[in-house]
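# Below are the sequence and a predicted model; questions follow.
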Amino acid sequence: MYLIGIHDGHNSSVVLMKNGEIIDAVQEERFNKIKNFGGFPILSLDYILKKNFLKVSDIFEFIFASELSYYRGLENRQNVIKKYKKNFYKKNSLIKSLKKKIYNFIPKIIVKEKKKYRFNQISKIRKKPLLSMGVKDCKIVFVEHHLCHASSAAYGSGNTEETLVVTLDGAGDNCAGSVYNYNNGYLKKIISIPAEYSLGKLYSSITFFLGMVPLEHEYKVMGLAPYSENSKQSHEVRNFLKSLYYYDSDLTFKLTKKIDSVDNIGLLICNNFKEKRFDSIAAGVQLFLEDFVTDWILRLVKYTKLNNLVVGGGVFMNVKLNKKISDLDCIKSLFVFPSCGDETNSFGSVYYRYYQINSKTPKKLSNFYLGNSYTNEEVFEQLKNYSFKNCKIKVSKIDDIDAKVAQLINQNQIVGRFKGRMEFGARSLGNRAILCNPTMIDLVMQINKMIKNRDFWMPFAPSIINEDEYINNPKKINMDYMMVATSFKKEFVNKFKAVIHPYDQSCRPNVVNKSINEDYYNLIYKFKEISGYGVILNTSLNLHGLPIVCTPSDAFYVLDNSKIKYLAIENFLIEKINF
């Protein structure tokens with residue numbers, strides 16, 4: 001049985017499931033080079049069908065993640081900024097407020113029919129690309145947005161014990177959060193959080209206010225926060241944001257009368273934060289998020305009496321929040337679905353439908369290396385057809401390329417690595433990566449000058465083998481996917497300066513397991529044999545503003561248009577000779 005999951009909103013993606021196991025997953029941005037592209041992922045779908053020699057008639061169902069997706073997507077960062085700008089400075093009109101009050105008095109049956117009509121109209125438009133390919137209408141299914149987030153976290157975790165499932169994001173299908181009980185494959189909804197109370201949109205609005213790109217640069221706000229988290233102003237910001245919310249029951253929260261919807265928060269932020277320092281605002285919103293969500297989790301655990309927790313949705317891309325959650329005494333285990341923004345809702349859609357159709361639990365997520373790969377012959381063919389405009393190169397074929405890369409890293413060289421299957425999601429997991437020595441803080445500045453243009457306060461991440469030797473993780477939280485912040489053990493804090501946060505000394509590790517990625521594990525192991533430690537610096541292989549590279553030609557373009565000297569691509573080492 002083949003199932004295809006499609007996310008056609010912001011950062012669109014396609015997933016292929018075969019007999020309950022996800023075998024392929026790609027994002028449209030990797031093919032069309034528009035970062036976080038939103039819209040129907042036609043190139044991704046075409047790639048997955050061709051790669052697996054499948055016709056549309058071979059697919060049991062095509063499943064859209066979300067019922068009322070913004071099907072045209074936001075397309076690019078300029079459109080995202082334009083949308084936020086349009087709403088941010090808009091006053092809450094009296095007419096809009098009256099409409100909302102009147103809406104609350106409309107009989108539920110009329111509201112239900114209106115929603116059904118809207119769904120039917122939108123679904124007709126969203127189905128068109130599939131119908132034009134010959135897909136039968138009866139094979140196209142839609143799954144609610146937060147049910148997709150919940151399904152990705154629950155089924156992806158592989159938990160066999162009864163589990164608490166929590167989702168939080170900006171919004172999807174008129175909802176910004178949900179809570180489920182997951183037991184023996186069955187998801188039972190406990191509550192939903194309406195979109196107008198969105199914690200994710202609140203954080204994104206402040207990201208926009210600080211001059212950054214919403215839906216993309218929230219991690220920069222999080223990284224900036226530690227510098228001012230003890231200041232008086234940051235606590236004032238935190239307290240003001242806290243005053244906007246209250247609990248209307250033991251489990252659900254709402255906005256106070258200061259504001260009727262997070263969509264209208266722009267002027268409130270401007271009026272209250274206009275004389276506040278930028279770093280204090282960043283710290284204040286981060287402190288608020290950590291305090292509010294951990295308090296909410298405590299309430300949920302107390303109510304459900306469940307201490308195994310899995311989470312999904314874009315808010316949980318915040319690794320410092322996840323660290324605070326993992327530290328709660330009431331939490332026995334935590335699983336954060338990797339890259340848990342909307343791009344992974346395609347995973348949740350196929351997980352959920354597989355269980356619905358078969359009454360069997362799908363296979364848990366085993367790894368995130370689900371994209372394309374290339375043979376040495378294919379790499380060489382693309383190399384022959386690529387014209388380097390800015391440099392001359394020397395190409396060597398090396399049988400043990402990973403041992404050579406380990407040597408170069410030990411010599412304090414910065415190396416691009418392209419090997420094996422491309423990783424899915426927002427974060428490099430070593431196969432489309434820039435690697436270097438984690439002990440050399442000067443290399444961070446060099447990488448930023450060469451290619452990344454990263455803000456000074458943002459650390460790079462460590463890839464680690466033998467995690468028990470290096471990092472603190474007493475609850476054995478999954479650290480494979482850079483989704484939870486932690487710290488190095490005391491004796492290593494001053495050793496690995498290039499991969500820890502320069503202020504709070506936290507890190508965001510990618511633990512590499514030999515059974516999942518043997519080549520990358522061996523590279524780090526060989527580096528350990530030379531240097532004495534099994535840790536390297538890892539950041540994504542891409543030019544600033546572009547997605548992570550997808551094809552060999554993409555990697556050649558990065559080498560040609562940056563100051564990186566080495567690219568290890570499959571068994572080839574490409575070196576600039578006029579460097």
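Okay, I see it.

# So which helix or strand of the chain has the lowest pLDDT on average?
Ranked by mean pLDDT, DSSP states H and E, the helix or strand of the chain with the weakest confidence is helix 94-103, at a mean of 61.

# After that one, which helix or strand is next? Please name it.
helix 108-132 (DSSP states H and E).

# how near is Tyr303 to Ser249?
Distance of Tyr303 to Ser249, computed by Cβ to Cβ, to the nearest Å: 10 Å. Where C-beta positions appear, they are placed from N, C-alpha and C, glycine not excepted.

# More neighbours: which of these two?
Tyr303 (15 against 10; other Cβ atoms under 10 Å).

# Next up, the contacts around that one.
Asp250, Leu251 (Cβ atoms under 8 Å, 6 or more residues apart in numbering).

# okay, now the domains of the protein?
What automatic domain parsing lists as the domains of the chain is 157-336, 376-576.

# host element of Asp329?
Using DSSP H and E, Asp329 falls outside every helix and strand.

# what kind of secondary structure is the residue most central in space within the chain in?
Nearest to the mean C-alpha position of the chain, by Cα atoms, centre = their mean, lies Ser339 at 2.7 Å. Three-state call for Ser339 (DSSP: H, G, I helix; E, B strand; the rest coil): coil.

# go on, Ala171?
strand.

# what's the neighbour count on it?
22.

# Show the contacting residues for it.
Ala195, Ser198, Gly200, Lys201.

# Count the neighbours of the second one for me.
Right, Ser198. 26.

# How about the first one?
Neighbours of Ala195 under the rule other Cβ under 10 Å: 21.

# Checking Phe142 next. Helix, strand or coil?
Applying three-state DSSP: Phe142 is strand.

# so it makes contact with Phe62?
No - contact between Phe142 and Phe62 fails when scored by Cβ atoms under 8 Å: they sit 10.0 Å apart.

# between those two, who's got more neighbours?
Phe62 (24 against 20).

# Who are the contact partners of the more buried one?
Contacts of Phe62 (Cβ under 8 Å, 6+ apart): Ile4, Ile6, Leu130, Val135, Lys139, Ile140, Val141.

# buried subset of the residues you listed?
In the contacts of Phe62, burial by neighbour count holds for Ile4, Ile6, Leu130, Val135, Ile140, Val141, counting by 16 or more other Cβ atoms under 10 Å.

# Quick check, the fourth one in contact with Asp58.
Which is Val135. No - look at Val135 against Asp58 with Cβ under 8 Å: they stay out of range, at 11.0 Å.

# quick one: low-confidence ranges for this protein?
Within the chain, the stretches with pLDDT under 70 are 70-75, 92-106, 108, 111-113, 579.

# Run a quick neighbour tally on Glu518.
Glu518: 14 neighbours (other Cβ under 10 Å).

# Could you do the one 3 residues further on as well?
Neighbourhood size, Tyr521 [other Cβ under 10 Å]: 19.

# buried sites along the helix or strand in which it is found?
If you go by DSSP H and E, Tyr521 is part of helix 518-531. For helix 518-531, the neighbour count (16+ other Cβ under 10 Å) marks Tyr520, Tyr521, Asn522, Leu523, Ile524, Tyr525, Lys526, Phe527, Lys528, Ser531 as buried.

# The first one: what's its closest spatial neighbour, skipping adjacent residues?
Read that as Tyr520. Distances taken as Cβ to Cβ, 6 or more residues apart in numbering put Gly430 closest to Tyr520, at 4.1 Å, once the chain neighbours are dropped.

# you'd agree the one you found is in a helix?
No - under three-state DSSP, Gly430 sits outside any helix and is assigned coil.

# after the longest helix seen in the chain comes which helix or strand?
Longest helix in the chain, counting residues (DSSP state H): helix 278-304. Going down the chain from helix 278-304, the next helix or strand is strand 308-312, by DSSP H and E.

# Which neighbouring elements make contact with the helix or strand just after that next one?
Beyond strand 308-312 on the C-terminal side, the first helix or strand identified by DSSP H and E is helix 319-326. If contacts are counted by 3 or more Cβ pairs under 8 Å, 6 or more residues apart in numbering; DSSP states H and E, helix 319-326 sits against helix 278-304, strand 308-312, strand 333-336.

# so which of those comes closest to Asn184?
When these are compared for distance to Asn184 using Cβ to Cβ, the nearest one is strand 308-312, at 13.1 Å.

# circling back: mind picking the two most distant members of the contacts of Phe62?
Ile6 and Lys139, at 12.1 Å, using Cβ to Cβ across these.

# End to end on stretch 207-218, go ahead and measure it.
6 Å (Cα to Cα, to the nearest Å).

# list the buried ones in it?
Thr207, Phe208, Phe209, Leu210, Met212, Val213, Pro214, Leu215, Glu216, His217, Glu218.
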